[in-house]
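Undergrad: just to be clear, the model below is a prediction. Sequence and coordinates:
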Amino acid sequence: KQEVTQIPAALSVPEGENLVLNCSFTDSAIYNLQWFRQDPGKGLTSLLLIQSSQREQTSGRLNASLDKSSGRSTLYIAASQPGDSATYLCAVTPPGGSYIPTFGRGTSLIVHP
Amino acid sequence: DAGITQSPRHKVTETGTPVTLRCHQTENHRYMYWYRQDPGHGLRLIHYSYGVKDTDKGEVSDGYSVSRSKTEDFLLTLESATSSQTSVYFCAISQNRDTGNTIYFGEGSWLTVV
């Protein structure tokens, strides 16, 4: 059974720092990995999706990497801003069949001015 | 943003009453999911659907039923609401494409059972 772990559970950084959020998974047989952002009281917003054949994806100040062999993905946020404060979750989708994703518990990020 | 609408967005109901939450999508996506999110548990899958009238159970399906009579609608019913079902419920949709299976979430339905 796939397990997804996100460490740390919480992170507080000053504005302007570059930071890395981690996502680990136990089964390397994946279809894709997706990063989400969740603001308090809101649904999850998709940030980036990396297919199993890809190594990284970029969107603005965000860069997500994938290393299937080691069961790891990182989300890099450049020049963090207070507006980046949110919970970040990753989800791993298995190949074939029902495409039921497994979610991590998330990293709660606070960027203080 | 993906076209996903959940209703009602907020509801307070009494123990023992039936409750139905609706998820409506305008994306014509094949897969639809119902999750609940609780502190300390993260997102937990209740039921999912892989097509019209094709549904299956998730990890926390007891006390819940679903129906999908049209591609665009996925209903979640709490047959007899209990206080342990107080939670926020999220609907999600996805479609398998060459670019991957991207999941999109609705804004959530907050349910309080008193």
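TA: On my side now, so go ahead. Residues are numbered from 1 along each chain as shown, chains lettered A, B, ... in the order given.

Undergrad: just the CA coordinates for stretch A:101-113, please, in CSV.
TA: Extracted in CSV, the C-alpha atoms of stretch A:101-113 (Å, rounded to 0.1, in the frame of the first residue of the first chain):
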residue,chain,number,x,y,z
PRO,A,101,-4.4,9.2,-5.4
THR,A,102,-2.7,8.8,-2.1
PHE,A,103,-2.3,12.1,-0.2
GLY,A,104,0.3,13.3,2.2
ARG,A,105,-0.8,15.1,5.4
GLY,A,106,0.7,18.4,4.2
THR,A,107,3.2,20.9,5.3
SER,A,108,1.8,24.1,6.9
LEU,A,109,3.9,27.0,5.8
ILE,A,110,4.0,30.5,7.4
VAL,A,111,6.0,33.2,5.7
HIS,A,112,6.3,36.1,8.0
PRO,A,113,7.1,39.7,6.9
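
Undergrad: give me the mean pLDDT for that stretch.
TA: For stretch A:101-113, the mean per-residue pLDDT is 96.

Undergrad: quick one, phi/psi of A:S65?
TA: phi -120, psi 160 (degrees, to the nearest 10).

Undergrad: show me what it is bridged to.
TA: Per DSSP bridges, residues listed as beta-bridge partners of A:S65: A:E56, A:T74.

Undergrad: that one contacts A:C90, doesn't it?
TA: No. A:S65 is beyond contact range of A:C90, at 11.7 Å (criterion: Cβ atoms under 8 Å). All C-beta spots, glycine's among them, are computed from the backbone N, C-alpha and C.

Undergrad: how about the residues of chain A near chain B?
TA: In this structure, chain A approaches chain B at residues A:31-32, A:34, A:36, A:41-46, A:49-51, A:89, A:91, A:93, A:98-101, A:103-106, judged by Cβ under 8 Å from any Cβ of the partner chain.

Undergrad: what ranges do the strands span in the chain?
TA: Picking chain A for this. Using DSSP state E, the strands of chain A run over residues A:4-5, A:10-14, A:19-25, A:32-38, A:44-51, A:56-59, A:62-67, A:72-77, A:86-93, A:102-103, A:107-112.

Undergrad: hm, I was asking about chain B
TA: Assigned by DSSP E, chain B shows strands spanning B:4-7, B:10-13, B:19-25, B:31-38, B:42-51, B:54-57, B:64-70, B:73-78, B:87-97, B:100-105, B:109-113.

Undergrad: pull up the overlap in contacts between A:S65 and A:C90.
TA: A:S73 (Cβ atoms under 8 Å, 6 or more residues apart in numbering or on different chains).

Undergrad: between those two, which one's more packed in?
TA: More crowded of A:S65 and A:C90, by other Cβ atoms under 10 Å in any protein chain shown: A:C90, with 30 against 18.

Undergrad: so how far is B:T55 from the residue lying closest to the more buried one once chain neighbours are set aside?
TA: Nearest non-adjacent residue to A:C90, counting by Cβ to Cβ, 6 or more residues apart in numbering or on different chains: A:C23, 3.6 Å away. Going from A:C23 to B:T55 by Cβ to Cβ, to the nearest Å gives 29 Å.
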